[in-house]
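Trainee: sequence unknown, structure follows:
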Ligand SMILES: [Zn+2]
């Protein structure tokens, strides 16, 4: 059975019922705890040691503030470690939607846990609501929560599908992540522009090939 799809890109506002979105935007957001000052100081110290070991003059003007800058950057890029993905989706609404909810082109930046350099790209998420839905922006926040940590793309994709399945208990979930890995572009085999695609499915999306191709059409990948 073809279902009326309900799609949206992460940049646009949700076309969900006005009351739903309004209620949603008032919901408190789980904000990641800032690092204690000692943590930043300790990381900055060790970054400075690394610069020294690389043969740098850590006192030259360009590098003086680099260790603390790197510490703050890590605090930001690893903020997802201090967020429980399930909490991000905690504001749900009782609503039986007819078709799949598809949120596409959610841009993300993550850190490869093998090399601690960025991998980045877009995530696309679909679910078939059973009796509850979540604000569209929460799906994008979920992608933030699982990407802003030391990751591998495969696990990140599974974590997106798992969180949607656990919290929304939908009839099915599909997550597709496409990314470029700087550890592959800038070093090692040096293949710039290569794209890695990972897919995770749950429920109906695991069983039904038509649903999967509909998803690919909706995110304009076929
Ligand atoms: Zn890597």
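Mentor: Yep, that arrived. Note that the structure is predicted; figures quoted are calculated from it, not measured. Residues are numbered from 1 along each chain as shown.
Trainee: Any idea which residue of this structure lies closest to the ion?
Mentor: residue 183 (3.0 Å; CB to the ion). Using the backbone N, CA and C atoms, a C-beta is placed for each residue, glycine as well.
Trainee: What pLDDT is listed against that residue?
Mentor: According to the per-residue confidence, residue 183 scores 88 in pLDDT.
Trainee: count of neighbours near the closest residue to it other than its chain neighbours?
Mentor: In space, not counting the residues next to it along the chain, residue 183 is nearest to residue 115; the distance is 4.0 Å by CB to CB, 6 or more residues apart in numbering. Summarising burial for residue 115: neighbours were counted as other CB atoms under 10 Å, giving 15.
Trainee: Tell me how far residue 186 lies from residue 77.
Mentor: According to CB to CB, to the nearest Å, residue 186 and residue 77 sit 17 Å apart.
Trainee: Of these two, which one has the most company?
Mentor: Here residue 186 and residue 77 are set side by side on neighbour count (other CB under 10 Å), and the busier one is residue 77, at 18 against 12.
Trainee: Now do the contacts for that one.
Mentor: 109, 111, 118, 148 (CB atoms under 8 Å, 6 or more residues apart in numbering).
Trainee: Of the residues you listed, grab the buried ones for PyMOL.
Mentor: Paste this into PyMOL to select the buried members of those, with burial taken from 16 or more other CB atoms under 10 Å:
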select buried, resi 111+118+148
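Trainee: Among the contacts of residue 77, which lie within strands?
Mentor: Of these, the ones assigned to strands by DSSP state E are 109, 111, 118.
Trainee: Let's have these in TSV, adding distance to the ion and pLDDT.
Mentor: Rendered in TSV, the data for the ones in strands among the contacts of residue 77 read as follows (distance: CB to the ion, whole Å; pLDDT from 0 to 100):
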residue	distance to the ion	pLDDT
109	14	98
111	9	97
118	9	96
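Trainee: which one of those sits closest to residue 49?
Mentor: Distances from residue 49 to these, taken as CB to CB, are shortest for residue 111 (20.2 Å).
Trainee: Quick one: name the residues of the protein near the ion.
Mentor: Residues of the chain lying near the ion by CB under 5 Å from the ion: 112, 114-115, 183.
Trainee: rerun at 8 Å
Mentor: With CB under 8 Å from the ion as the criterion, the chain comes near the ion at residues 112-115, 117, 119, 181-184, 188.
Trainee: The residues you listed in helices, which ones?
Mentor: Secondary-structure check on these using DSSP state H: residues within helices are 182-184.
Trainee: Just the buried ones out of the residues you listed, please.
Mentor: In these, burial by neighbour count holds for 183-184, counting by 16+ other CB under 10 Å.
Trainee: Which parts of the protein are helices?
Mentor: In the chain, helices defined by DSSP H lie at 18-26, 37-53, 61-64, 66-77, 85-88, 136-147, 153-168, 182-185, 204-207, 209-218, listed in chain order.
Trainee: Tell me which of the ones you listed sits most buried.
Mentor: Mean neighbour counts were compared across the helices of the chain using mean count of other CB atoms under 10 Å; the top stretch is helix 136-147, at a mean of 24.
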